[in-house]
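Engineer: need a 3D model of the following:
(4 chains, ligands or ions: 2)
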Amino acid sequence: MKFGVVIFPGSNCDHDTYYVLKDIMKQETTFLWHKEHDLKNVDCVILPGGFSYGDYLRSGAIAKFSPLMLEVVEFANKGGLVLGICNGFQVLLELGLLPGAMLRNKNLKFLCQHVHIKVENNKTLFTRKGKKGQVLKIPIAHYEGNYIAPPDTIQELKANGQIIFRYCDAEGHLNEEANVNGSLESIAGLVNTSGNIMGMMPHPERASEMILGSEDGKIIFDSIINKLV
Amino acid sequence: MIDKKILDEHNLTVEEYKRIVQLIGREPNITELGIFSLMWSEHCSYKSSKMHLKKLPVRGKNVIQGPGENAGIIDIGDGMAIVFKIESHNHPSFIEPYQGAATGAGGILRDIFTMGARPIALLDSLRFGPLSKPRNKTVMEGVISGIAGYGNSIGVPTVGGDVYFNGCYSLNPLVNVFCLGIAEKDKIFYAKAEGAGNLVLYVGSKTGRDGIHGATMASAEFGEDLEQKRPNVQVGDPFKEKLLLEACLEIMARDLVVGIQDMGAAGLTCSTTEMAAKSGSGMEIDLDLVPQREEGMTPYEIMLSESQERMLIVAKKNKVREVQEIFSKWDLDAVIIGHVSDGDRLKVKAGGETVVDIPVDAVVNLCPVYERESVIPSYMESATRLDPLPLMENYDQTFVKLLSSPTLADKEWVYRQYDHMVQVNTALLPGGDASILRLKNKKKALAVALDGNSLYSYLNPRTGGKIAVAEACRNLACVGARPVGVTNCLNFGNPEKPEIMWQFKEVIEGIAEACKTFDIPVTGGNVSFYNDTEGISIFPTPVLGVVGIIEDMNKALTPGFQEEESSVILLGENKDELGASEYIKHVFNMEKGRPPQIDLNKERQIHEFCLEAIALELIESAHDVSEGGLAVCLAECSFFSRQKIGFSLNLHDDIPPDALLFGETQSRIVVTAKDGNSKKLLELAEKRKVKATEMGKTGGDRMIISHLDKKIIDVSINEAHKAWKESIPEVFRMR
Amino acid sequence: MKVRILVSYKKSILDPQGQTVKNALLTMGYNFIQDVRQGKVFELELEGISQEEARKVIPEISDKALANPIIEKFSWEIIE
Amino acid sequence: MKVRILVSYKKSILDPQGQTVKNALLTMGYNFIQDVRQGKVFELELEGISQEEARKVIPEISDKALANPIIEKFSWEIIE
Ligand SMILES: Nc1ncnc2c1ncn2[C@@H]1O[C@H](COP(=O)(O)OP(=O)(O)O)[C@@H](O)[C@H]1O
Ligand SMILES: [Mg+2]
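Structural biologist: Residues are numbered from 1 along each chain as shown, chains lettered A, B, ... in the order given. Ligands and ions are numbered 1, 2, ... in the order given. Sure, this is the predicted structure:
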């Protein structure tokens, strides 16, 4: 399975994601430069975390105009696998590949901490290695992760099972305190209707080795990899 | 022409001016005067501190670069080197907390990647006035979001630091930022400008009228006329710096660079003159070629501007194209502004005319050095006297109250705003004694700690200096790391006041003695004088940053209790020392007494013992006793344990209970050991002549301390934890 | 030509930043403050483009880049 | 009464956000863009205060709370 990790100016989890895919998950992995028009035949495109273009306008707002995004959109529309992590999720929202938008965290501060998220739907290419209702411990690190979408969109998301992860407490209960950034419906991760594009705020690449406190993030990478096995 | 008024504006004395005239053989023009004023400012020339800094030990077998470059470098084996340094950004952070702190982080990051190292960690040492004053809250909130704003964006984790609160920082907060980078040992770059004919490239942001006279501002006291002296504080651009970082590391990896220097305080002036002086070369630049953000800038302004996110690069002529291509890939311009020349002069042209022509050596190296007068401060005698304090029946309430003192309380509110995990190396998250950074695919790991208690230094500067080093090293020992190098940031008042100079001398001598005893080289640092506002000086505040190596990452320890029924053992000795403690400060509102004494050899023995016990896997947790004393140390061991394990201890020391619980006697570490190991540990301690006392056992959900069989503390963990955890967030809670 | 574009959250979206400013001002004693909304302002300097063209292109730029239509609205004017 | 306050960096201060937006717009082909400055806008709803009082208090609020006069400037108007 070949992964491509996109580098935007200001991406800063690009190396982390590359390292985990290559050294921990032992997958063929390559960087994709935002100015090029070449996806290098990858099977899965990852839009990594960071501050593309400083997030100066809005998170992800400028990255969506990168030349490479034309190819990414085409790839995605043809059913290619795309995973957006944190800033990558924000780019997917800006691109309209996933519905909704992000507001500042409810306490108006950047938040970096381990959180728990619950697998709401394990029948996707990104979560098939997890169990429904399973609680994963994965860190978040963002300023704008407070998910919002119009009520009818939320209805659709629910009806289609597009909500993949929700913030919860260690026991898997949803509550206001566990929903650290204030997201609607405690949403931490989404897929599109065809199930080939996922965005998530937590960083699975930061939870792929026990030395960093959790390996739960590997479930996501394992799910993706298993697709072609 | 140049008169006394102009000299005053440039913070130069008449004698210094005479020396300039003598050195260049004529009267300088205003641009040249500006250049001298910057480079001869306290901030750049270290004219008041140089004589004393010489006392610090700088040699060691693994030192690749000691003081004198942008950062210090230590060889850590396997072809790798660590590059680290700490810097202050105190004045700007008071004027504009967010941008002041942000550009502070930006500056120290540049110092590290300028040398060819990828920054892997930031730590910040912060000092604020009490949070009861709204202004102090605003400053703290701004400073923390500023560091977060810069560090998070550029993708370097802020993995630790410290925060203290004291009235002396109300008008003069301290913001010291430490950065650690990793480089290949044989790919290190210096601020050199060798080889006549090589080209000088300017990269990064355009030059504006930013912070003109920032360095001279950092060299003068703030007074009522603050308003006028207020310079343009710079606005940081972490995005631009991220591009600079990647582009610089890329050209360095490809070996296209002769020398490189960031433009921090003193901008083009500093980078051109220093690079030339270090290589015994000259340099010629043309200011018309310098990218400018504003119109009509004079040569004076361009040379003195402190615009951020800029670098000066010297490249071989035939490599310039390649350098420019790489910068352009990262959307940056690299503009040729001049060349290296034979001789020893900096020649600057503007509008076709020569506007500066001066010998670089005079600018960089020939600033007068002062041995300023020093005298023992008059406060010392009365401040170090402490009358006996009333004893209490039990200390439950006092203990909980002390845990909520902002200086001791949980700092998660702070570090949660910092991305402390990016780069996936942070093996021990902030909150513990030292931060641990694993090295990918290596058994070895790095540990870093910052320390500096200014109340100790106020009441006994020499001891304060020693303790700052000792405590940082003790923190490293607790996680299993051996110190390999030290950097330090010395924050003091106005050195022209003899009492301040005395504090400074004493602190340095204390630091020097400790570093010698522990056998660790000082590889660099920073001095920040003139931390006074309206005539009031801050407490002398040395901040020590120590980096250590953990040989086997799998053996690294954390402070939290690991399981129930383990023996809780104290390494070291309890003494009757309550002076300068957080207890008397927070509970009795006094900043008095003698700070704890320290025997450096004993201290070292304790560190060695702790390291040995860790290597032999005899202990399962370790936490050092510092501010708040033994009781607070133990509480933290419970708070840091995953299951919030309590303890029940009985102490037999023949000292009053308040000193026993809250005294800050040095050279103590609390460790835990499983049943089978505790005996072995005690035996080993006896062999090593280290005092070790089994105090009791972990377990339960209460924290119980008895003294001579009488309970003096019995508190539920939940209650104590809440006080500790909620104290700072409570202050900032949104209404 | 100089154009000013104001971008702010739609009415239906809670504006916590504005709320925080409001609370701060109330704490400072400005108790006549009923509400605060915070937004962004962009000032664009244009050259080589007519007013008419600007009238077409500014809404386009705003809609495509400066504002996120899911949560934000914008207004604009030519100021010079 | 409704008041609008615009806060932006002084002209001499670097505006990284504006610069980045400008570059993005240029890359998108809007090459008539000479400069972009980005700032903040606050809309305050006031009650129980006269226009005259507002004229005194709004600059005060702006100076003290909404802008840092060292790097920022502000302007304001009554819009309703
Ligand atoms: N307290 C100190 N201890 C040891 N070295 C110091 C200290 N303060 C400054 N130095 C050294 O003096 C040199 C000049 O420092 P500085 O002017 O701050 O460098 P820069 O401006 O490049 O950051 C540096 O090499 C620094 O490490
Ligand atoms: Mg430097």
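
Engineer: can you tell me the SS state at the residue of chain C most remote from its centre?
Structural biologist: For chain C, the largest distance from the centre (Cα atoms, centre = their mean) belongs to residue C:29, which lies 26.9 Å off. Under DSSP: H, G, I helix; E, B strand; the rest coil, the three-state class of residue C:29 is coil.

Engineer: quick one: list the elements packing against the helix or strand where residue B:503 lies.
Structural biologist: Here residue B:503 sits within helix B:498-518, counting by DSSP states H and E. Here helix B:498-518 touches helix B:50-53, helix B:454-459, helix B:461-479, strand B:482-491, strand B:541-550, helix B:600-615, going by 3 or more Cβ pairs under 8 Å, 6 or more residues apart in numbering or on different chains; DSSP states H and E. All C-beta spots, glycine's among them, are computed from the backbone N, C-alpha and C.

Engineer: how about these, which one is nearest residue B:501?
Structural biologist: Nearest to residue B:501 among those is helix B:50-53 (8.8 Å), distances taken as Cβ to Cβ.

Engineer: about what we covered before: quick one, grab the pLDDT at the residue farthest from the centre of chain C.
Structural biologist: For residue C:29, the model assigns a pLDDT of 92.

Engineer: one more: residue C:54?
Structural biologist: 95.

Engineer: so which bits of the host helix or strand of it are buried?
Structural biologist: In this assignment (DSSP H and E), residue C:54 forms part of helix C:51-61. Buried residues in helix C:51-61, counted by 16 or more other Cβ atoms under 10 Å in any protein chain shown: C:54, C:57, C:58, C:61.

Engineer: how about that helix against chain D, any contact?
Structural biologist: Yes: using Cβ under 8 Å from any Cβ of the partner chain, helix C:51-61 reaches chain D at C:57, C:61.

Engineer: what's across from residue B:546 in the sheet?
Structural biologist: residue B:449, residue B:486 (DSSP bridges).

Engineer: now it: how far from residue B:578?
Structural biologist: Residue B:546 sits 27 Å away from residue B:578, going by Cβ to Cβ, to the nearest Å.

Engineer: mind listing what residue 169 touches?
Structural biologist: Reading this off chain A. A:116, A:175, A:177, A:178 (Cβ atoms under 8 Å, 6 or more residues apart in numbering or on different chains).

Engineer: was after chain B, sorry
Structural biologist: B:127, B:128, B:129, B:136, B:538 are the contacts of residue B:169 under Cβ under 8 Å, 6+ apart.

Engineer: could you work out the most separated pair of the residues you listed?
Structural biologist: Top of the distance list for the contacts of residue B:169 (Cβ to Cβ): B:136 and B:538, 13.7 Å.

Engineer: comparing the two, which residue is more hemmed in?
Structural biologist: Neighbour totals were compared for residue B:136 and residue B:538, and residue B:538 leads with 26 against 20 (other Cβ atoms under 10 Å in any protein chain shown).

Engineer: for that one, give me phi and psi.
Structural biologist: When read as degrees, to the nearest 10, the backbone of residue B:538 gives phi -70, psi 160.

Engineer: now the helices for chain A?
Structural biologist: Taking DSSP state H as the criterion, chain A carries its helices at A:14-19, A:68-77, A:87-95, A:151-159, A:218-226.

Engineer: C-terminal to the helix-or-strand element of chain B with minimal mean pLDDT, what's the next element?
Structural biologist: Within chain B, no helix or strand scores below helix B:226-229, which has a mean of 41 by mean pLDDT, DSSP states H and E. Sequence-wise, the next helix or strand downstream of helix B:226-229 (DSSP H and E) is helix B:238-253.

Engineer: just give me the residue closest to the centre of chain B.
Structural biologist: Closest-to-mean residue, chain B, Cα atoms, centre = their mean: residue B:86 / 4.1 Å.

Engineer: buried stuff in the one helix or strand that one maps to?
Structural biologist: Secondary structure from DSSP H and E places residue B:86 in strand B:80-88. Residues of strand B:80-88 classed as buried by neighbour count (16+ other Cβ under 10 Å): B:80, B:81, B:82, B:83, B:84, B:85, B:86, B:87, B:88.

Engineer: just the CA atoms of the top strand by length along chain C, as PDB, please.
Structural biologist: Ordering each strand of chain C by length in residues (DSSP state E) puts strand C:33-46 first. Listed next in PDB are the C-alpha coordinates belonging to strand C:33-46 (Å, rounded to 0.1, in the frame of the first residue of the first chain):
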ATOM      1  CA  ILE C  33     -22.800  47.400  26.500                       C
ATOM      2  CA  GLN C  34     -25.600  45.100  25.300                       C
ATOM      3  CA  ASP C  35     -23.800  43.000  22.900                       C
ATOM      4  CA  VAL C  36     -20.400  42.600  21.100                       C
ATOM      5  CA  ARG C  37     -19.700  40.800  17.800                       C
ATOM      6  CA  GLN C  38     -16.200  40.400  16.500                       C
ATOM      7  CA  GLY C  39     -15.200  39.900  12.900                       C
ATOM      8  CA  LYS C  40     -12.500  40.500  10.400                       C
ATOM      9  CA  VAL C  41     -11.800  43.400   8.200                       C
ATOM     10  CA  PHE C  42      -9.700  43.300   5.000                       C
ATOM     11  CA  GLU C  43      -8.600  46.400   3.200                       C
ATOM     12  CA  LEU C  44      -7.500  45.700  -0.400                       C
ATOM     13  CA  GLU C  45      -5.600  48.100  -2.500                       C
ATOM     14  CA  LEU C  46      -6.400  47.500  -6.100                       C
END
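
Engineer: residue contacts, residue 59?
Structural biologist: No chain in the question, so chain A it is. With contact set as Cβ under 8 Å, 6+ apart, residue A:59 has these partners: A:51, A:52, A:87, A:90, A:94, A:102, A:142, A:143, A:144.

Engineer: wait, chain C
Structural biologist: C:74, C:76.

Engineer: ok, residue B:369 next?
Structural biologist: Here residue B:369 is in contact with B:47, B:50, B:51 (criterion: Cβ under 8 Å, 6+ apart).

Engineer: repeat that for 10 Å
Structural biologist: Going by Cβ atoms under 10 Å, 6 or more residues apart in numbering or on different chains, residue B:369 touches B:45, B:46, B:47, B:48, B:49, B:50, B:51.

Engineer: burial check on residue B:294, number of neighbours?
Structural biologist: For residue B:294, using other Cβ under 10 Å, the count is 18.

Engineer: if I read this right, it contacts residue B:305, doesn't it?
Structural biologist: Yes: using Cβ atoms under 10 Å, residue B:294 is in contact with residue B:305, at 9.4 Å.

Engineer: mutual contacts of the two, please.
Structural biologist: B:206, B:207, B:208, B:209, B:210.

Engineer: quick check: the farthest pair among the residues you listed?
Structural biologist: Farthest pair in the shared contacts of residue B:294 and residue B:305, by Cβ to Cβ: B:206 and B:209, 11.3 Å.

Engineer: out of the two, which sits in the busier spot?
Structural biologist: residue B:209 (21 against 18).

Engineer: residue 33 pairs with what?
Structural biologist: Unless you meant another one, I'm taking chain A. residue A:7.

Engineer: wait, I meant chain C there
Structural biologist: Bridge pairing for residue C:33 - DSSP bridges - gives residue D:46.

Engineer: what number of residues lie near it?
Structural biologist: Neighbours of residue C:33 (other Cβ under 10 Å): 21.

Engineer: need the contact list for it.
Structural biologist: C:21-26, D:3, D:44-47, D:49, D:57, D:61 are the contacts of residue C:33 under Cβ under 10 Å, 6+ apart.
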